[in-house]
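S.K.: below are the sequence and a predicted model; questions follow.
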Amino acid sequence: MKKLFSKIILFIFLISIFIFQNCSNISNTKKGQSTPTYSIVIHGGAGTLNQKEMSKEKEQEYSLALDSALTIGENALINGKSSLDAVELTICYLENNPLFNAGKGAVFSHDGKNELDASIMDGKNQMAGAVGGVTNIKNPIRLARAVMEKSKHVLLTGAGAEAFAKENNIEIVDPNYFFTKKRWDDFQKIKHEEDSIQALISKNPDKKFGTVGCVALDQFSNLAAGTSTGGMTNKRWNRFGDTPIIGAGTYANNNSCAVSCTGHGEYFIRYAVAHDIAALVSYKHLSVEDAGNEIIMKKLVEKGGEGGCIILDKFGNIAMPFNSEGMYRGFAKPNVRMVEIFKENKQ
């Protein structure tokens, strides 16, 4: 009887060791497979695209620009820079490229000015900075980061933000720097249409918006998000969209995800889209794909909002949902890269 009891005890002991070792191996394997050394996702706007009207040459031009932006951010991450650095550098490139509605490519307001907005957020500690309605800042995303790191505030606007930029040696340019003939011609056409009686009865959706954004995960497992825009063509009364509003257009938290949005900003503000997505990941434990689809493809569609977003979690999982015809977008991970524009190529 004692021998039988001893054998049973030994058997239970061996089984326990086997289970412990296997659980440990599963945990380590999952951890190794789930966390890449870095990830970066970008967008160049949604809501301004029409595949039938875009030439193959123009499509290739946008694709090359997106690829160049990814390379800048990816190289920063490979070389050990932080996710904040990667986001800032990537968005600076997009702000300097007149193809996109941010910085040099910004659209014109009703008064014929370029009014720029940007925001950035650190997923490690939820520190954030944003600027709105600036007219002479070459790279608004750099000013947004300065607000985060060198002030007690989150959002600075207009002349005050520009004064803060001067005090902190952020590059200032003549407002004429932002002029591009294409944006000016688009502005003149839209202004004429909106001033006409036909505009009052038109049922066509508003497609005069665009944005650039980036979310990144660095080798230290920290997330960051940033967004920059010239806003809506022909906007009035110093209107802000969602871009400079933390929780609407930009959000980052290492415990959930990083989000950058693009689209009709009023809807993204009303429904706190960026934070809502992060909340679904955090509280309901949805995947970034399911959370993005729930808000972008369901909730916004039901409310009549158009646009999309890019999402990245601390495990490198990526989602890029959009409910418009297209969204300039792309991502890069170790040995993986993708750049797309229109819906039929959606991942």
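M.R.: Right, received. Where do you want to start?
S.K.: residues in contact with Leu116?
M.R.: Residues in contact with Leu116, defined by C-beta atoms under 8 Å, 6 or more residues apart in numbering, are 102-103, 106, 131, 133-135, 137, 140, 178, 228-231. The way it works is simple: take the backbone N, C-alpha and C, and place the C-beta from them, glycine included.
S.K.: ignore the last one, Ile246
M.R.: 119, 121, 128, 130, 154-155, 274.
S.K.: before we move on, what about Lys303?
M.R.: 267, 270-271.
S.K.: tell me the centre residue of the protein?
M.R.: What sits nearest the mean C-alpha location of the chain, by C-alpha atoms, centre = their mean, is Ser260, with 2.4 Å.
S.K.: does Leu70 count as helix, strand or coil?
M.R.: helix (DSSP: H, G, I helix; E, B strand; the rest coil).
S.K.: spatially nearest residue to it (excluding sequence neighbours)?
M.R.: Excluding its sequence neighbours, the residue lying closest to Leu70 (C-beta to C-beta, 6 or more residues apart in numbering) is Ala332, at 4.7 Å.
S.K.: assumed that neighbour was part of a helix.
M.R.: No - under three-state DSSP, Ala332 falls outside any helix and is assigned strand.
S.K.: burial count for it?
M.R.: 25 (other C-beta atoms under 10 Å).
S.K.: which strand residues bridge it?
M.R.: Ile40, Arg337 (DSSP bridges).
S.K.: can you pull out the helices in the stretch 151-300 of the chain?
M.R.: 158-167, 181-194, 197-201, 265-270, 273-283, 288-292, 300-303 (DSSP state H, counting those that start in this stretch).
S.K.: burial of Gly340, as a residue count?
M.R.: For residue 340 the amino acid is Glu, not Gly. 18.
S.K.: which elements pack onto the helix or strand it falls within?
M.R.: Assessed by DSSP states H and E, Glu340 sits inside strand 336-342. On a contact count with 3 or more C-beta pairs under 8 Å, 6 or more residues apart in numbering; DSSP states H and E, strand 336-342 meets helix 56-78, strand 326-333.
S.K.: and the contacts of that strand?
M.R.: So strand 336-342 is contacted by 49, 51, 54, 59, 62-63, 66-67, 70, 325-332, 346-347 (C-beta under 8 Å, 6+ apart).
S.K.: give the buried residues for it.
M.R.: 338-342 (16 or more other C-beta atoms under 10 Å).
S.K.: so how far is that strand off the chain centroid?
M.R.: With C-alpha atoms, centre = their mean, to the nearest Å as the basis, the distance from the averaged C-alpha position of strand 336-342 to the chain average is 15 Å.
S.K.: ok, now stretch 118-131?
M.R.: 12 Å.
S.K.: is it true that Thr211 touches Ala102?
M.R.: Yes - Thr211 is in contact with Ala102 according to C-beta atoms under 8 Å; the separation is 6.7 Å.
S.K.: where do the contact lists of these two overlap?
M.R.: Contacts common to Thr211 and Ala102, judged by C-beta under 8 Å, 6+ apart, are 228-229.
S.K.: now do the same contact list for Glu289.
M.R.: 317, 319, 321.
S.K.: oh sorry, the question was meant for Lys314
M.R.: So Lys314 contacts 35, 123, 217, 221, 223, 254-255, 257 (C-beta under 8 Å, 6+ apart).
S.K.: hang on, it is in a helix, isn't it?
M.R.: No - Lys314 is assigned coil when assessed by three-state DSSP, not a helix.
S.K.: give me the neighbour count for the residue nearest to Ala224 when sequence neighbours are not counted.
M.R.: Counting by C-beta to C-beta, 6+ apart, Ser83 is the residue found nearest to Ala224 once chain neighbours are left out, at 3.8 Å. Taking other C-beta under 10 Å as the criterion, the count of residues near Ser83 is 33.
S.K.: verify the stated contact: Ser83 with Asn222.
M.R.: Yes - because the distance of 5.1 Å satisfies C-beta under 8 Å, Ser83 is recorded as touching Asn222.
S.K.: the helices of the stretch 151-300 of the chain into a markdown table, with extra columns for mean pLDDT and distance to Val147?
M.R.: Shown next, in a markdown table, are the helices of the stretch 151-300 of the chain (pLDDT from 0 to 100; distance: least, C-beta to C-beta, whole Å):
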| stretch | mean pLDDT | distance to Val147 |
| --- | --- | --- |
| helix 158-167 | 98 | 7 |
| helix 181-194 | 81 | 26 |
| helix 197-201 | 43 | 37 |
| helix 265-270 | 97 | 19 |
| helix 273-283 | 98 | 18 |
| helix 288-292 | 98 | 27 |
| helix 300-303 | 96 | 28 |
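S.K.: can you check which of these gets nearest to Leu94?
M.R.: helix 181-194 (15.1 Å; C-beta to C-beta).
S.K.: CA atoms only: put the closest one into CSV for me.
M.R.: The C-alpha trace of helix 181-194 is given here as CSV (Å, rounded to 0.1, in the frame of the first residue of the first chain):
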residue,chain,number,x,y,z
LYS,A,181,-0.8,76.5,-56.8
LYS,A,182,-2.8,73.3,-56.7
ARG,A,183,-4.2,74.0,-53.2
TRP,A,184,-5.0,77.6,-54.2
ASP,A,185,-6.8,76.5,-57.3
ASP,A,186,-8.8,73.9,-55.3
PHE,A,187,-9.7,76.6,-52.7
GLN,A,188,-10.9,79.0,-55.4
LYS,A,189,-13.1,76.4,-57.0
ILE,A,190,-14.6,75.2,-53.7
LYS,A,191,-15.1,78.7,-52.4
HIS,A,192,-17.0,79.6,-55.6
GLU,A,193,-19.2,76.5,-55.3
GLU,A,194,-20.0,77.1,-51.6
